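Participant: Could you look at this predicted model? Sequence included:
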Amino acid sequence: MMSLSAGQRRIWFLQTRDPEDTSLNSCAVFRLTGPLDTERLRASVADVVARHEILRSTYSLDRDDEPRRVLRPTAAPAWEQADLRELPEVGRERRVQVLIRREAGRPFDLTVETPLRCLVIRTGATEYTLALVAHAIGWDEQSWAPFCAEVGARYNGAELPTVAAAVSCESGSAADLDYWRELLQPVPQPLELPGRIAPPVTATLRTARSTAAIPTETARRVDEFAQAREIPTFAVLLAAYSALLHRYTAAADFLVCVPATLRAPAHEQALGYFGNTLLLRCAVDPAADFETCVRAVQAGAAAGFEHRGAGIDQVVAELNPDRSGGRDGLELLARTEFGLRDAAGFGLDGVTAEQLELSNPTTRMPLSLSVVTDSDRQYAEMTYQADEFDPRIVEQFLGHYLRILDAAITAPELAVGELDIFGSRDRESVLALSHGELADFAPTTLVESFERRVRADPGAIAVIAPDLALELSYGELNRRSNRLAHQLIRQGFGPEDVIALRMGTAVEFVVGVLAVLKCGAAYLPVDPAYPEDRAQFLIADAAPVAVFGPTRLRAAEEAAAALPDTDPTDADRVRPLRPAHLAYVIYTSGSTGQPKGVPVSHAAIAEHLDGFGAQWDMTAQDRLLQSSSVGFDASLLDVFVTLTLGAALVVPKADAFDDVAYVAEVISRCGVTVLHMVPSLLSTLLLLPEVHRWRDLRHVPVGGEALYGEVADRFAGIFDAELRNHYGPTEAVVSSTHMTVEGPQGTRIVPIGYPNRNVFLYLLDERMQLVPTGVVGEIYLGGNQLARGYLHRPGASAERFVADPFTVGGRLYRTGDLARRNGDGELEFLGRADEQVQVRGYRIELAEVQAAVVAHPDVAGCVVTAVQDETRGTMLAAYLVPAPGAVVDTDAVRGYAATVLPRYMVPAAFAIIDEIPLTEHGKLDRSALPAPEPAGAELFREPDTAVEARIAEMFGQMLGREPIGADDSFFDLGGHSLLATRLLSWVRSEFGVRVGVRELFDNPTVAALAARVEVLAMHETPVETY
C-alpha cells in the first residue's frame, strides 16, 4: 500500500464524502472514422494501462484509517462495446448521447475500480464513438495527451520507451504556505455570480457546458499582443476574464481558481494526478487600462505558480472559512475557475479522430472557463453547475468574454470599466427591454382629465361613502369642488402655490384635492395620524400658503355656497394652469435622514394615469376601495385612476384598515371590484373566511413591498381576479413597472415585471453603464413621469436626479434599488443597495428569506433582519406574526425553512410579534423590534451521555474551541477535510467502531455523532485497534 499525495487525499475525501458524486470524473469523447480494429484498440489500451501503475490502482483505508493506494498486479481496464447500426439515424445519435451520459455519470467505487473506463459505440460501417472516463484521483488534464499518444503508438505497432515510475506530487515548503497565508489575508468575499433567483436547496452538482469559437483573427491578435509585451497568453486571457467578472459582479477583489501541475520535468509524459489548485487573487481597478490589468494578473500568476507546492487543502485549512453543513471550504473562497488546455487527439493508422463536445461535463466550481486549443482552432468552453445558472445567461457570458477580449486588445489604453461588452445587436436588445410601450401623449392636467370624464357622464356615481350612506355623482362632485375652487381663487391661490390638506381618508378630502387642483394650486397631504412633530416638520418644510383641516375646509365650503359651480377657467384663475405646473407634493422618508418633499407636475401624473388605464382593463363600471393613506403616493392611484376612468371610488371610514372585519364587510356590501393595497395587507385579508364572498372582485394591483409567491398562490386559489405586481418610488410617480401574476409562484419573490408605458428603466453599474441580463444593477428611471426633484433640496436633487446618458437632455432618477433581469426579460427586485447583508461569506437577499418563511401556514407576516451575536457573529433573525388562531412553533418554522432554503439562509433566531412595526411613513421600524431568541438548535446544550461528553472533548481538543455543546457541529466550528479523517481515526481508536466520512457529514453534531457511534457499537464487531 502506498501513501497518497496531498492532492489525491483531497480527491479521495471529496469522493468518500459523497460516493454518488461524479464531478471528479473526467471524460473525453472522440468520433473515429475509418476501418477501426476494436480488438487492436482494446489491446493497445490494455498495454498502456499495464505500463502505468496509477491506472492499475484502487484505494482503501489502512489500519489507522488513512487512505492508501493499492497496486493491482494486473488490471484490465473496464471496457464496454455497443453496436447501434440497426437503429435509425435520429435514434442512433440519441442513443449515443444516452450511453455516454450514463457512462460518464456513473460514479467510481475507488475501493474496487481502477480509474479508467472505456466505451466504444459502433454507429456505422466505419463510424465509431469512443468515450474515455477517468477519475481525478489517478488522472489530470495533462494525462490526456500522453495517454492518447501511447495508445496511438501501440495501435500502430510502435514500441514504447520504459515509463518513469510514478511519483507523488512534490510537497510545498513553509515559505510556500507563508506566501499564501499573507496573500489571502484578509480573504476577499466570494463572487456573487449571476445565478438563478432561487437555486435548489440541495444542489445536485449536475453540470452543463457551453462553447463559443474564438475567431481566428482574435486569437492571432491575442498572441501578438502577448508576444509584443513578453507576457504569456495565459495572463491576457485571464485578465479579460477578470475584467468581465468585475463587470458581472462589481467585485474589485476576488479569487479565481487556476489549475496547476506539480510534475517534475522528468514526468511531463507521465500519467496520474500531479495537480494542484491555485487561488489567484485578482484585483481589478476599473479606472486602470487593460495593459495595467494584464501586468497585474501576470505578476500575481507568476508568484502563485512559484509557490504552487502548497496543497490547496493546506491553504484552505489555514484560512479556515466557515463550513456550515460540511461544505467544501474551497467553494466559500472562490466560485469560478480559469484554465488553458489543449484538445486531446489520437493518431490511429487509417482512422481519423475528432474530439467531440461532451454531453455531461463535470466541474467542482459553479462556473469554470477554459480556453481550448485544438489542431486548427481555439474555443472558449464554459462548464457550469446547471442547478445554479440559466443556460441563456451562460451563453451570453461567453459572448461577452469574446467581446471584451477583442475590445481589450484593440484598445488596451481604455479603462477596464469602459471596455464594451455589448455588440450593437446585444445593446439594442437590452435597450429595447429598458422601456415600456412607447406611445404619444399630449400633456394635460389632472383637472382636464377629470372634467373630461364629468362631461362624458355627469350622472355616473363618482364617490360612495357607505358609513355616511352617501353617493356623489360625477356632476355633484364636480359642482361641489368647483364652488370651493372659486373660493380658493378669491383668496389669491393659484399655480405653483402649495396648499396643505391635513385630513385623512374622507369624501371631504377628495373634494378638497379637486378644489385645490382646479384653482391651479398643488396639494400637500398631511395625514392626521402623523405625530405632531412630523406634521409640523412637513408644513414648515413645504411652506404652504394655507393649511386646511376638516373644520376649516367645511367653513370654506359653507362660505363658497353661493359661488359659481362652473369649472374654473384660466380667465378665473390667478394665473393660467399649464401641464408643467405643480400638482402635488408628497413627502417620502427615504432610507435615511429627514423626510423629503417630492414635487410632481400635472403632466407627469397625467401621463402615468393615462398609461396605467391603457395597460389595465379597468372600466367605468368598476368600484375601487380607497385603501392607501393620503400621505402615500398610492392614494393618487386610488383617487385619480378611478375618477379619470369614470369608475366609482368607495371611501371607507377613517383608519378603516385597523378593522379588517369592517373592510371585509365593506368590500361585500359595496360590490368592490378593485382592491389596491400592499401585499402584506392582502395576505391578511386572504386569511378571512369572508373572502370567498367577494364575487365581484376583478382586479388587485399590489405594490410598495415584496409580493411573496405564497401570497400570490393563495390568491389564485381563491379568486379568478387579475393580480398585478407593481414597483415604483414616489420620485417616479406611483408605479413604474407591472407584472401580471400567472401560474404557481412557489416560495420565490414575484418579479416586478416590465416597465410601464412611456417609462424607461435601466439597470446600470457604478459607472452608469448597462448591465447584461442576469446581472445585478441599480434601477434608474427615466421618461416624463418623474418628479421635479426634491423640494428645497438642490443638493439631494442633483445627487439623485442625474443626466440621462441614453437620451439627449433627459433625466434619470437613481433609485438606490437593486434588480436584475432574468432570462425571460422579467425584472427581479432584490432590495435596497444599502440593505444587503453578508452572513458567513454569502450575500443574502432578506426578502427571499422572508418569502420562504411566510409560506409556513402558521405565519401571517414576517420580517427578517441581520443581527449581531457575540459568539456567532452575524446571523439572521426572523420576526413572525402568527396567523389568526395559530400558535407558532419557531423550531417547526425553522425546520420548514430548512426544506426550502440553503442552510446559510435559514434564520438562527426568532421572535413572535403581534404586528410588523412601521414608521409613520410605512417603512419598517427596526428600533421597535424586540431582541430575538436563538432557535432551539442555536441554544447551548450540555452533552448528556458519556459518549457525547467524550466526543465533545475530542471536538474541543482538535478544534481548539470550548465549551462544546451537544448540538455543536464539527464543521460549523471549523472542521475540515484534513481534520475529519483524524477525528474518525480517533473515534475508531476510542470506541472501536468505524465511522465513515459520509456518516460524519450526515451526523456532524456531537449528539448525532455520538448516537451513530452507539448504534454501530451495538451492531458491529468491534474494530481491532493498534
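Facilitator: On my side now, so go ahead. Numbers count the residues shown, from 1 in each chain.

Participant: Go ahead and confirm Gly504 touches Tyr530.
Facilitator: No. The pair Gly504 / Tyr530 is not scored as a contact, 10.0 Å apart, by C-beta atoms under 8 Å. Quick note: C-beta positions are derived from backbone N, CA and C, even for glycine.

Participant: pretty sure Val854 is touching Gly861, no?
Facilitator: Yes. Counting by C-beta under 8 Å, Val854 touches Gly861, with 6.6 Å between them.

Participant: Those two: which has the busier surroundings?
Facilitator: Val854 (27 against 20; other C-beta atoms under 10 Å).

Participant: Next, the more buried one: phi, psi?
Facilitator: Dihedral pair for Val854: phi -70, psi -10, per degrees, to the nearest 10.

Participant: gap between it and Leu918?
Facilitator: 17 Å (C-beta to C-beta, to the nearest Å).

Participant: can you check Leu245 too?
Facilitator: Distance from Leu245 to Leu918, by C-beta to C-beta: 40 Å.

Participant: more neighbours, the two?
Facilitator: Leu245 (24 against 12).

Participant: Distance of the more buried one relative to Phe290?
Facilitator: 14 Å.

Participant: Glu915: how many residues sit nearby?
Facilitator: Residues near Glu915, counting by other C-beta under 10 Å: 10.

Participant: That one contacts Pro882, doesn't it?
Facilitator: No. Taking contacts as C-beta under 8 Å, Glu915 lies outside contact range of Pro882: 10.4 Å.

Participant: Put the alpha carbons of stretch 548-560 into CSV.
Facilitator: C-alpha atoms of stretch 548-560 as CSV (Å, rounded to 0.1, in the frame of the first residue of the first chain):
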residue,chain,number,x,y,z
PHE,A,548,-56.9,73.2,5.7
GLY,A,549,-58.1,70.7,8.3
PRO,A,550,-61.6,69.3,8.3
THR,A,551,-63.1,72.2,10.2
ARG,A,552,-61.5,75.0,8.1
LEU,A,553,-62.4,73.1,4.9
ARG,A,554,-66.1,72.8,6.0
ALA,A,555,-66.1,76.5,6.7
ALA,A,556,-64.6,77.3,3.3
GLU,A,557,-67.3,75.1,1.7
GLU,A,558,-70.0,76.9,3.6
ALA,A,559,-68.5,80.3,2.6
ALA,A,560,-68.5,79.2,-1.1
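
Participant: what mean pLDDT would you report for that stretch?
Facilitator: For stretch 548-560, mean pLDDT is 96.

Participant: Just the buried positions in it, please.
Facilitator: 548, 550, 553, 556-557, 560 (16 or more other C-beta atoms under 10 Å).

Participant: Closest to Tyr754 out of those residues?
Facilitator: The closest of those to Tyr754 turns out to be Phe548 (C-beta to C-beta; 39.6 Å).

Participant: which residue sits closest to the closest one, ignoring its sequence neighbours?
Facilitator: Leu501 (5.5 Å; C-beta to C-beta, 6 or more residues apart in numbering).

Participant: same check, this time on Leu237
Facilitator: Val371 is the one closest to Leu237 (C-beta to C-beta, 6+ apart), at 5.3 Å.

Participant: Just the CA trace of the one helix or strand the one you found maps to, in PDB.
Facilitator: Assigned by DSSP states H and E, Val371 belongs to strand 367-373. This file holds the C-alpha atoms of strand 367-373, laid out as PDB (Å, rounded to 0.1, in the frame of the first residue of the first chain):
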ATOM      1  CA  LEU A 367     -18.500  28.300 -13.100                       C
ATOM      2  CA  SER A 368     -15.400  27.300 -15.000                       C
ATOM      3  CA  LEU A 369     -14.000  28.800 -18.200                       C
ATOM      4  CA  SER A 370     -11.400  27.100 -20.300                       C
ATOM      5  CA  VAL A 371      -9.700  28.300 -23.400                       C
ATOM      6  CA  VAL A 372      -9.100  25.200 -25.500                       C
ATOM      7  CA  THR A 373      -6.700  24.900 -28.400                       C
END
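
Participant: Partner strands of that strand, with direction?
Facilitator: strand 336-342 (parallel), strand 378-385 (antiparallel) (DSSP bridges).

Participant: Can you name the next helix or strand after the last one?
Facilitator: Along the chain past strand 378-385, the next helix or strand (assigned with DSSP H and E) turns out to be helix 391-410.

Participant: Need the residues that contact the following helix or strand past that following helix.
Facilitator: Next in sequence after helix 391-410, counting helices and strands by DSSP H and E, comes helix 424-433. The contact list for helix 424-433 (C-beta atoms under 8 Å, 6 or more residues apart in numbering) reads 399, 422, 754, 770, 772-773, 806, 821, 825.

Participant: Distance of the residue nearest to Ala283 when sequence neighbours are not counted relative to Ala296?
Facilitator: Closest residue to Ala283 apart from its sequence neighbours, by C-beta to C-beta, 6+ apart: Asp253 at 5.1 Å. To Ala296, Asp253 is 12 Å away according to C-beta to C-beta.

Participant: Between those two, which contacts overlap?
Facilitator: In contact with both Asp253 and Ala296: Ala283, using C-beta under 8 Å, 6+ apart.

Participant: out of these two, which sits in the busier spot?
Facilitator: Neighbour comparison, Asp253 and Ala296: the larger count goes to Ala296, with 19 against 14 (by other C-beta under 10 Å).

Participant: Tell me how far that one lies from Val947.
Facilitator: 54 Å.

Participant: So, low pLDDT: which residues of the stretch 101-250 of the chain?
Facilitator: 164-171, 196-205 (pLDDT under 70).

Participant: that older thread, ranking the strands paired with strand 367-373 by burial, who's on top?
Facilitator: strand 378-385 (a mean of 22; mean count of other C-beta atoms under 10 Å).

Participant: Next one: Gln314 from Leu184, what distance?
Facilitator: 12 Å.

Participant: ok so, going back, next, the buried residues of the strand holding Val371.
Facilitator: 367-372.

Participant: Going by distance to Ala620, which of the residues you listed wins?
Facilitator: Leu367 (53.9 Å).

Participant: contacting residues around the closest one?
Facilitator: 193, 335-337, 382-385, 389, 394.

Participant: before we move on, what about Asp617?
Facilitator: 699, 722.

Participant: Quick one: classify it as helix, strand or coil.
Facilitator: Applying DSSP: H, G, I helix; E, B strand; the rest coil to Asp617 yields a three-state assignment of coil.

Participant: For Tyr474, see how far away it is.
Facilitator: 21 Å.

Participant: Run through the stretch 701-850 of the chain and note the low-pLDDT ranges.
Facilitator: 835-836, 838, 840-843.

Participant: brain fart, the stretch 551-700 of the chain
Facilitator: For the stretch 551-700 of the chain, the ranges with pLDDT under 70 are 590-593.

Participant: ok, now with 90
Facilitator: For the stretch 551-700 of the chain, the stretches with pLDDT under 90 are 588-595, 612-618, 627-629, 631-634, 636-637, 654-661, 677-693, 695.

Participant: tell me the strands in it, going along the chain?
Facilitator: Applying DSSP state E, counting those that start in this stretch to the stretch 551-700 of the chain gives strands spanning 582-588, 596-601, 623-625, 648-650, 674-675, 699-702.
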